[in-house]
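Undergrad: Fold the following and give me the result.
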Amino acid sequence: EPGRFRVIDGNYDTYQHFLKQGLARDARASISTAGSKPAPGALPADSRPIKDRRKRKFAYRKAAEIEQEIAERESRIEELHQLFASDEVLRDGAKVKGLKVELDGHQAALPALYEHWEEATEMN
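TA: The predicted structure follows:
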């Protein structure tokens, strides 16, 4: 439509279906005109009511810091797997138990770090 745009989920056939069914008129309320002002009553993104804002599950951290911690933990997990393959570690039961505890701790922390990273990239 000249001077207007809108997002329609689907393809051109979906758009034609909207036109044939007369749904395009109903959807025109959501059409944005290039260079137009926001609709009256529309709130800017940062002035949404507090209950509508997504709350952080994790404390604020930069995504780069989280990525660094993930990389460190993953590399340590790889090192631990290599240690488990060595004969001298396998001969010492106490050492195996200690490394297993460390490995479990790193593996348990990774899912939370991945979730934290996703939140940081979305909200920062």
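Undergrad: so where do the strands sit in this protein?
TA: Along the chain, the segments classed as strands by DSSP state E run 4-5, 32-33.
Undergrad: So which elements touch the first one?
TA: Contacting strand 4-5 under the criterion 3 or more Cβ pairs under 8 Å, 6 or more residues apart in numbering; DSSP states H and E are the following elements: strand 32-33. To be clear about C-beta, it is placed using only N, CA and C from the backbone, and glycine gets the same treatment.
Undergrad: distance from the centroid: which residue in this structure tops it?
TA: Relative to the C-alpha centroid of the chain, counting by Cα atoms, centre = their mean, Arg91 is the outermost residue, at 43.2 Å.
Undergrad: before we move on, back to that, check the strands of the chain for me: which has the lowest mean pLDDT.
TA: If you rank the strands of the chain by mean pLDDT, strand 32-33 sits at the bottom with a mean of 42.
Undergrad: Low-confidence ranges, this structure, go.
TA: 1-2, 6, 22-54, 124 (pLDDT under 70).
Undergrad: Scan it for its longest helix.
TA: For the chain, the helix that runs over the most residues, judged by DSSP state H, is helix 93-123.
Undergrad: Looks like Arg73 contacts Pro111 (just checking).
TA: No: with contact taken as Cβ atoms under 8 Å, Arg73 and Pro111 are classed as non-touching, separated by 11.1 Å.
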